[in-house]
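Asks: sequence plus predicted model, see below.
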Amino acid sequence: YTGKSGSQLLTDSLKKIVVGDYQSIPVVIMEDVSVYDAIVTMFLEDVGTLFVVDKSSHLAGVLSRKDLLRASIGKQELTALPVNIIMTRMPNITVCKKEDLLIDAAKKLIDKQIDALPIVKEAEQGLEIVGRLTKTNITRAFVALADEE
Ligand code: ADP
């Protein structure tokens, strides 16, 4: 018997969970795609956050539902407006890595008041997107912790 309390055991198992255990597949678009096509992609792929890449496939930006809504209430022609005009861009993107603790990624979501993080791998000239971590992934991990014996 370890003598550990229930909450100590919970903390121990929480600190063993990494981002890679609960990640989702990222939905990625090119930065020259129109806002109109980004909205269509968001519906078809059923995600709340799109990641934007440049010509060399490196992370360039993030698009949320509200970014697209904001652009839509303007007078612009959405088929002629490229997403790189309205996206949140590098270097202001909060990211995480597969091997990061899930609890640390969850803290980033709270601190920055955002819904998703791109999971990245460092490449020569930028960041390569390898996954997506959302509040839903955190909720899944939370439920799985409760189901542990
Ligand atoms: P919504 O805008 O639909 O409420 P979010 O809360 O995720 O969705 O996004 C809020 C703002 O933060 C948006 O402008 C979005 O572009 C930006 N954002 C979302 N995710 C990130 C991220 N990982 N890093 C930096 N900015 C982000």
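Replies: On my side now, so go ahead. Here the structure is a predicted model, which is why all the values come from computation and not from measurement.

Asks: flag the shaky bits of this structure, pLDDT-wise.
Replies: Filtered on pLDDT under 70, the chain yields the residue ranges 1-2, 149.

Asks: contact residues of it facing the ligand?
Replies: 49, 62, 64-67, 88, 92-94, 113-117 (C-beta under 6 Å from any ligand atom). (Each C-beta comes from the backbone N, C-alpha and C, glycine too.)

Asks: centre-most residue in the protein?
Replies: Of all residues in the chain, the one closest to the mean position by C-alpha atoms, centre = their mean is Leu117, 2.6 Å from it.

Asks: would that one count as being in a strand?
Replies: Yes. Counting by DSSP: H, G, I helix; E, B strand; the rest coil, Leu117 is located in a strand.

Asks: show me what contacts it?
Replies: 94-96, 105, 108-109, 132-134 (C-beta atoms under 8 Å, 6 or more residues apart in numbering).

Asks: now with 10 Å?
Replies: 19, 23, 49, 51, 62, 93-97, 100, 105-106, 108-109, 131-134, 137 (C-beta atoms under 10 Å, 6 or more residues apart in numbering).
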